[in-house]
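Undergrad: coords please:
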Amino acid sequence: MSTVTHQADPVKRARLRWRSRRGLLENDLILTRFLDANEATLTDNEVEILTRLLELPDSELMSLMLERNEPTGELDTPDVHAFVQRLRLA
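TA: As a prediction, this is how the structure comes out:
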């Protein structure tokens, strides 16, 4: 059984974009700008990282994107740190 990648599945892409809509307008703007610029080139690993970040409460996600905090716990990996750096550039 083959798994459909994020890039090949328009439903998965739409779901990710919908999940990126946040309660805090600032988060919404940053994530929308990031996806507008990068969604077409995200790898499945990057989509997984973004999905994990979207599970954070809005205030924690905002703190990461504004460089107030760094990823901790299960998110404290080189891949997540690199992805957060990309988000910060959005």
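Undergrad: count of neighbours near the closest residue to Ser20 other than its chain neighbours?
TA: Taking C-beta to C-beta, 6 or more residues apart in numbering, and ignoring the residues beside it in sequence, Ser20 has Leu31 as its nearest neighbour in space, at 4.1 Å. C-beta: built from backbone N, CA, C; applies to glycine. The number of residues packed around Leu31, counting by other C-beta atoms under 10 Å, is 23.
Undergrad: Tell me the helix or strand right after the helix or strand harbouring Leu31.
TA: Of the helices and strands defined by DSSP states H and E, Leu31 is found in helix 25-38. Note on helix 25-38: by DSSP H and E, the next helix or strand toward the C-terminus is helix 44-54.
Undergrad: Buried ones in the helix or strand following that next one, by neighbour count?
TA: Sequence-wise, the next helix or strand downstream of helix 44-54 (DSSP H and E) is helix 58-65. Neighbour counts using 16 or more other C-beta atoms under 10 Å place Glu60, Leu61, Met62, Leu64, Met65 of helix 58-65 among the buried residues.
Undergrad: Which strands and helices lie in contact with the next helix or strand after helix 58-65?
TA: Sequence-wise, the next helix or strand beyond helix 58-65 is helix 78-88, with elements assigned using DSSP H and E. In this structure, helix 78-88 makes packing contacts with helix 25-38, helix 44-54, helix 58-65, judged by 3 or more C-beta pairs under 8 Å, 6 or more residues apart in numbering; DSSP states H and E.
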